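[1] missing the sequence, but the structure's below:
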């Protein structure tokens with residue numbers, strides 16, 4: 001159970017808390033509501049501060065995301081670090097600007113919409129159903145209260161609502177769509193003359209002095225990479241000796257919790273009519289509103305349609321248009337007074353007037369559904385497995401905390417931690433920043449080994465998590481700086497590079513000569529006959545989505561100017577292994593009638609592109625009209 005919660009929290013919920021919105025820019029950190037105490041700010045947007053803690057959290061998450069995307073192969077230079085910091089700060093500022101504007105424009109997320117969105121998340125479901133206990137445990141595992149999470153998530157939904165309101169109203173005129181559809185179906189008649197390095201290699205020669213000169217000029221290409229060797233302490237669940245007897249009483253308690261959780265899974269389909277109460281309503285106004293709802297209740301008791309009355313009288317913007325429909329509701333989803341009244345009703349019953357902080361309600365219960373708990377004996381094997389896993393997780397947590405403390409407090413050696421935890425100090429082979437064997441095959445290990453903490457300061461690393469119940473701490477054992485390889489070591493590689501470079505120059509020269517000739521009027525076929533090392537390829541009419549043609553050739557052909565008076569247009573392009581002389585002979589527009597589905601798809605593409613441009617323009621405008629102050633020493 002704990003691991004399930006941990007996995008879900010790190011995956012889906014962690015993404016919501018830190019990187020929920022996917023607008024036209026990257027992800028944002030959103031810890032501002034949890035920041036407490038006075039601390040130096042990273043930036044200030046109007047009167048709202050973005051704390052240094054919030055910036056650090058967002059930066060750490062962005063680095064983790066990039067590490068995951070690129071397999072740990074990230075640049076480590078100062079320029080890259082500064083660029084990432086600036087990107088994260090810009091994202092946080094953009095988010096804060098948008099939040100302030102959306103709130104000022106009256107955008108809000110109702111409790112019903114918030115609850116529906118949370119209940120739809122897979123992270124909080126078991127067997128396809130929302131589980132209140134799972135929800136609370138996952139939020140708790142992130143060090144948050146339910147109210148804090150819902151506050152953060154409400155803000156995310158708020159921004160998404162604002163973005164949707166802006167971008168989903170973009171309209172592209174039909175003429176532009178038709179023009180784009182015709183443009184996409186256009187075909188072009190293309191030939192090209194191919195000059196490959198392979199055909200010219202036999203003519204390439206060079207002296208030993210040229211090879212040495214090339215080596216001296218490009219010595220940075222032939223370096224022995226920086227390497228390290230580390231010692232480390234590794235802790236896994238296998239190191240734990242846990243064989244505790246099964247506690248029958250504890251199993252019974254766990255079973256009772258399971259039964260209670262199943263009971264909480266009972267779902268009720270309900271409708272309601274809401275008459276809002278305002279903070280400044282005096283008693284006379286409140287009595288008047290309550291009397292109005294009393295009248296509605298009498299009509300319902302006499303057979304009037306609850307759905308129709310909700311459509312015309314309810315003041316809940318989230319459900320009124322659906323006849324007050326709240327969908328399926330579970331415990332913990334509604335405010336206490338509302339929930340208490342709902343769960344007292346039987347199927348088909350209508351409540352008396354219920355007062356909550358939102359106003360006066362009438363509730364009607366339409367359906368009830370739930371699940372039956374398994375018997376104790378049927379559930380027992382799973383309960384035992386859960387208890388054993390909990391014991392393993394708890395014991396591993398205690399040991400990992402000890403390892404972290406011991407290695408931190410004695411950061412000039414691993415010996416103390418090894419003795420206190422009865423672990424063996426192990427040693428790795430040499431590895432580089434980009435690759436390694438054994439533990440060094442893990443990018444997190446390589447990053448830690450080459451971090452300033454370990455490499456420059458000679459201290460123990462922080463705890464590195466390699467997987468479930470699998471961690472290690474390392475320290476530097478040996479460091480070999482990057483150094484040039486000798487000419488003798490790399491002479492064959494240098495010769496190959498020089499030969500390839502000279503062959504590429506030969507293809508460029510041949511292609512430029514052919515271009516000069518065809519522009520004088522000589523046919524492309526004649527050029528192919530003159531230079532036997534070239535190859536004439538006649539593609540004929542091709543579309544821009546052709547997958548059998550080299551992408552560079554295709555892109556070049558569709559970026560060239562349309563031929564004038566049947567005279568071909570020529571262009572040379574450099575390929576990875578040679579050069580091509582491309583000839584555009586003709587352009588043919590499609591005469592086929594546009595299919596409705598094609599028009600619709602293109603319209604959606606154009607509207608998305610245009611709406612993104614509009615959204616970026618709005619962001620730029622809001623930023624330009626906000627007072628934004630940043631702390632410069634963040635980048636030092």
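    Ah, there it is. Just so you know, these numbers come straight off a predicted model, no measurement behind them.
[2] For residue 467, what are phi and psi?
    Torsion angles at residue 467 (phi, psi; degrees, to the nearest 10) stand at phi 170, psi -170.
[3] cool, the one 10 residues further on as well?
    With angles defined as degrees, to the nearest 10, residue 477 shows backbone torsions of phi -110, psi -40.
[4] quick one: secondary structure of residue 361?
    Each residue gets one of three states, and residue 361 gets strand by DSSP: H, G, I helix; E, B strand; the rest coil.
[5] any idea how far it is from residue 290?
    As judged by CB to CB, to the nearest Å, residue 361 and residue 290 stand 11 Å apart. C-betas here are computed from N, CA, C, even on glycine.
[6] before we move on, what about residue 438?
    As judged by CB to CB, residue 438 and residue 290 stand 73 Å apart.
[7] repeat for residue 134
    Separation of residue 134 from residue 290 (CB to CB): 38 Å.
[8] Please list all residues in contact with residue 349.
    Residues in contact with residue 349 (CB atoms under 8 Å, 6 or more residues apart in numbering) are 364-365.
[9] neighbour count winner among residue 438 and residue 290?
    A count of neighbours by other CB atoms under 10 Å puts residue 290 above the other of residue 438 and residue 290, at 16 against 13.
[10] Spit out the contact partners of that one.
    By CB under 8 Å, 6+ apart, residue 290 lies in contact with 275, 353, 360.
[11] let's see it at 6 Å
    Contacts for residue 290 (CB atoms under 6 Å, 6 or more residues apart in numbering) come out as residue 360.
[12] Find the helix or strand that it is a member of.
    helix 283-301 (DSSP states H and E).
[13] Which SSE is immediately downstream of that helix?
    Following helix 283-301 in sequence order, the next helix or strand is helix 306-313 (DSSP H and E).
[14] tilt between that following helix and helix 283-301?
    If you take axes from the mean of the first three to the mean of the last three CA atoms, to 10 degrees, helix 306-313 sits at 150 degrees to helix 283-301.
[15] right, and the helix or strand after helix 306-313?
    Of the helices and strands lying after helix 306-313 in sequence (DSSP H and E), the nearest is strand 325-329.
[16] can you list contacts of the following helix or strand past that next one?
    Following strand 325-329 in sequence order, the next helix or strand is helix 336-342 (DSSP H and E). Here helix 336-342 makes contact (CB under 6 Å, 6+ apart) with 270, 351, 354, 356, 363.
[17] pLDDT added to those, as CSV?
    Formatted as CSV, the contacts of helix 336-342 follow (pLDDT from 0 to 100):
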residue, pLDDT
270, 93
351, 94
354, 94
356, 91
363, 96
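[18] Make TSV out of the residues you listed and add neighbour count and secondary structure.
    Shown next, in TSV, are those (neighbours: other CB atoms under 10 Å; DSSP: H, G, I helix; E, B strand; the rest coil):
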residue	neighbour count	secondary structure
270	24	strand
351	18	coil
354	20	strand
356	17	strand
363	26	strand
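[19] Please identify which pair of those residues lies farthest apart.
    Of all pairs drawn from the contacts of helix 336-342, the one with the longest distance (CB to CB) is 270 and 356, at 13.9 Å.
[20] about what we covered before: which one of the contacts of helix 336-342 sits closest to residue 466?
    residue 270 (48.1 Å).
[21] Okay, the closest residue in space to that closest one that isn't next to it in sequence and residue 115: tell me how far apart.
    In this structure, residue 270 finds its nearest non-sequential neighbour in residue 326, 5.0 Å apart by CB to CB, 6 or more residues apart in numbering. Distance of residue 326 to residue 115, given as CB to CB: 9 Å.
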